[in-house]
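**Student:** this is a predicted model, with the sequence first.
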Amino acid sequence: MKASRTIFNLLLLLCCFFFKLSAQETLVNVYGRTTQSLNGKWEAIIDQYDQGRKNKIYLNKKPAGKTDFYEYAFDGGLKLNVPSDWNSQLPELKYYEGTVWYARHFDAPKTHRERLFIYFAAVSYRCKVYLNGKEIAEHEGGFTPFQVEITGLVKPSDNFLALEVNNTRTADAIPAKSFDWWNYGGITRDVMLVSTPKIFIQDYFIQLDKNHPDQINVKVKVVDKQKNVAVKVEIPELNIRQNLVTDDQGIASISMANLKKIQRWSPASPKLYQVLVSTKEDRAAEWIGFRNLAVKGTQIYLNEEPVFLKSISFHEEIPQRKGRAFSEADAMMLLSEAKALGCNMIRLAHYPQNEYTVRAAEKMGFLLWEETPIWQGIDFENQETKKKAGKMISEMVMRDKNRCAISFWGMANETQPSAARNEFLKYLIKCTKDIDSTRLITAAFDLVRFNPDKQRFVMDDPFINEIDVVAINKYMGWYHPWPVAPKKAIWDVASNKPLIISEFGAEALYGKTGDADVASSWSEDYQAQLYKDNLEMFKNIPNLNGISPWVLFDFRSPFRFHPTYQDGWNRKGLVSDQGFRKKAWYVIADYYKNIK
Ligand code: GCU
């Protein structure tokens with residue numbers, strides 16, 4: 001045993017040395033594994049001129065004799081909270097775009113099992129990971145998890161972990177150079193050590209069959225394509241105990257039909273079942289819901305019932321803290337306001353949000369729309385960007401495919417038609433469906449225009465033929481004056497598909513009153529009247545399946561310049577940055593309460 005272990009470690013070490021370990025496929029349900037948190041105060045160095053890598057500061061050298069010296073030291077310097085963005089932690093970092101080095105020491109877990117990984121829930125925007133002076137991983141993308149195996153690299157105590165984190169916007173990134181939210185940088189979500197047996201449960205996908213409400217499909221994968229591994233899947237409340245064996249791909253699967261007693265998940269009844277997946281050496285437990293989602297003609301159905309989506313969008317941001325949301329408490333703050341508004345759905349804009357938010361939303365009974373930040377101007381001609389986008393959306397779908405609340409995978413937001421864009425987005429649809437073909441594919445478009453000849457709102461974008469549900473962002477009364485009275489604003493858009501209004505709204509400075517007919521007043525009365533006018537117009541959209549006002553909370557945006565009304569905030573929130581509900585909040589709350 002000892003010898004094989006040493007050989008395994010040696011091989012892994014060689015792998016680290018010769019083939020830099022980029023991030024590996026992440027373990028499913030990491031929060032249900034054997035973990036040790038690395039959250040807390042980390043040492044940090046602001047590296048504005050990117051000198052740290054050249055000077056190998058990740059070696060954390062100390063002077064040895066009388067003549068050598070180092071012009072850096074991690075200990076005794078700046079400390080930053082992990083998780084958190086850096087922008088909200090120091091005034092001088094508010095606008096900072098560049099590199100910050102994070103570092104900390106840690107001991108290997110005493111209960112160290114066969115294998116050890118470091119798991120990062122998200123680092124924004126790109127990073128390199130160094131352990132005990134060796135680069136062991138890199139990752140790009142600010143909103144999806146990654147992990148790296150450190151078995152054989154880790155010492156029993158005093159390991160030195162350093163991250164080189166950079167959030168500089170680039171034209172080939174996702175999102176690219178300009179986007180309407182704050183460019184938060186940093187280790188923005190949890191970091192943890194995960195210990196596993198040598199052969200562990202790598203992944204599983206457990207969900208109600210798309211077309212059979214009495215059938216649960218199970219697919220379990222163990223690591224390293226180990227075959228003949230005994231896998232047990234249990235759902236005690238449904239008296240399900242299945243013993244499976246992995247094939248030569250390390251996969252064990254089963255479809256269990258004729259299950260009579262399944263109580264399907266819905267916003268009104270968000271039922272979750274405890275699911276246990278285990279092998280002789282490993283075990284992963286979590287709560288999973290079962291529901292059916294379908295499109296028939298121009299209607300969306302949940303558990304065979306037509307559903308109207310009473311949605312809202314929010315960014316992953318706590319406005320009072322002027323920083324990224326990252327904890328369970330943050331998730332509850334955002335979600336409880338959506339619940340109070342009467343929502344049954346949330347569009348998690350414009351990027352995969354943290355797992356606390358996704359899991360809490362599922363428990364509270366919200367349908368979810370999740371998307372990657374393919375936001376407006378992306379370099380659709382760039383093949384490297386396309387690969388990155390495919391990896392990013394795969395990381396999102398891999399992480400959340402067992403969350404039944406997720407109903408829509410969003411492919412893009414406000415992209416302009418072109419052959420390159422269509423190819424790029426079709427590739428993303430493929431990447432998504434390669435992992436999960438059970439959910440509805442959507443995308444948000446801002447291409448609806450009023451056609452004076454037809455006296456209709458229309459849209460011409462053939463890409464809508466590639467998706468299941470068409471979503472429209474339209475700011476009537478804000479970016480677009482009314483061409484006709486709201487009740488005469490008739491729509492003929494994607495008439496053969498379900499349509500969602502995925503964004504509408506207007507800015508208002510909380511406390512500003514009066515001038516209900518003057519947009520530049522930034523008044524709550526103008527915003528509230530605009531909401532009433534839009535709700536009037538929505539009556540004229542025959543294939544309307546739901547609405548998602550933009551946005552629940554005022555949020556920070558570097559290009560919202562007006563010194564009095566905006567001051568670096570996008571004020572389209574129904575709730576102000578200080579947590580006060582504006583008049584339009586009550587317009588939507590009343591609409592959602594009374595909509596049939
Ligand atoms: C767009 C975009 C949002 C943006 C909003 C606005 O539709 O999707 O991200 O914040 O408009 O202009 O406020």
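**Tutor:** Received the coordinates, thanks. Residues are numbered from 1 along each chain as shown.

**Student:** which of the three states applies to residue 437?
**Tutor:** coil (DSSP: H, G, I helix; E, B strand; the rest coil).

**Student:** for it, what are its contacts?
**Tutor:** Neighbouring residues of residue 437 by C-beta atoms under 8 Å, 6 or more residues apart in numbering: residue 210. (Each C-beta comes from the backbone N, C-alpha and C, glycine too.)

**Student:** could you check the pLDDT of residue 515?
**Tutor:** Residue 515 carries a pLDDT score of 88 in this model.

**Student:** should've said residue 10
**Tutor:** Looking at residue 10, the pLDDT reads 56.

**Student:** what does residue 596 give?
**Tutor:** pLDDT, read off for residue 596, is 74.

**Student:** now do the one residue sitting closest to the centre of the chain against the ligand, distance only.
**Tutor:** The residue lying closest to the centre of the chain (C-alpha atoms, centre = their mean) is residue 352, at 0.9 Å. Distance of residue 352 to the ligand, given as C-beta to the nearest ligand atom, to the nearest Å: 15 Å.

**Student:** I'd say that residue and residue 124 touch.
**Tutor:** No. Look at residue 352 against residue 124 with C-beta atoms under 8 Å: they stay out of range, at 11.8 Å.

**Student:** spell out which parts of the stretch 301-450 of the chain neighbour the ligand.
**Tutor:** When proximity is defined as C-beta under 6 Å from any ligand atom, the stretch 301-450 of the chain approaches the ligand at 350, 413-414, 446.

**Student:** strands - which of the residues you listed land there?
**Tutor:** Using DSSP state E to define strands, the subset of those located there is residue 413.

**Student:** make TSV out of the residues of the stretch 301-450 of the chain next to the ligand and add pLDDT and distance to residue 223.
**Tutor:** As requested, these are arranged in TSV below (pLDDT from 0 to 100; distance: C-beta to C-beta, whole Å):
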residue	pLDDT	distance to residue 223
350	98	33
413	98	35
414	98	40
446	97	44
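
**Student:** reformat the residues of the stretch 301-450 of the chain next to the ligand as CSV; add neighbour count.
**Tutor:** Converted to CSV, these look like this (neighbours: other C-beta atoms under 10 Å):
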residue, neighbour count
350, 25
413, 26
414, 17
446, 18
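
**Student:** got the contact list for residue 382?
**Tutor:** Going by C-beta under 8 Å, 6+ apart, the list of residues near residue 382 reads residue 172.

**Student:** ok, now how distant is it from the ligand?
**Tutor:** 22 Å.

**Student:** ok, now residue 138?
**Tutor:** Applying C-beta to the nearest ligand atom to residue 138 and the ligand gives a distance of 28 Å.

**Student:** that residue touches residue 130, doesn't it?
**Tutor:** No. Counting by C-beta under 8 Å, residue 138 does not reach residue 130; the two are 10.1 Å apart.

**Student:** please enumerate the helices of the chain.
**Tutor:** Listed in chain order, the helices of the chain (DSSP state H) span 2-18, 328-341, 355-364, 383-400, 419-435, 524-538, 583-594.

**Student:** CSV please, covering these and showing mean neighbour count.
**Tutor:** Shown next, in CSV, are the helices of the chain (neighbours: other C-beta under 10 Å):
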stretch, mean neighbour count
helix 2-18, 12
helix 328-341, 18
helix 355-364, 21
helix 383-400, 20
helix 419-435, 17
helix 524-538, 21
helix 583-594, 17
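
**Student:** ok so, going back, what touches both of residue 352 and residue 124?
**Tutor:** Common neighbours of residue 352 and residue 124 (C-beta under 8 Å, 6+ apart) are residue 143.

**Student:** quick one: residues contacting the closest residue to residue 365 other than its chain neighbours.
**Tutor:** The shortest distance from residue 365 to any non-neighbouring residue, by C-beta to C-beta, 6 or more residues apart in numbering, is to residue 270 (3.7 Å). Residue 270 makes contacts with 289, 362-365, 405, as judged by C-beta under 8 Å, 6+ apart.

**Student:** what about this structure, any weak spots by pLDDT?
**Tutor:** The model of the chain has pLDDT under 70 over residues 1-23, 112.

**Student:** whatever residue of the stretch 401-550 of the chain ends up closest to the ligand bridge partners, please.
**Tutor:** The minimum distance from the stretch 401-550 of the chain to the ligand, using C-beta to the nearest ligand atom, falls at residue 473 (4.1 Å). Note on residue 473: beta-bridge partners by DSSP bridges are residue 503.

**Student:** if anything else comes up later, I'll come back, but that's it for now.
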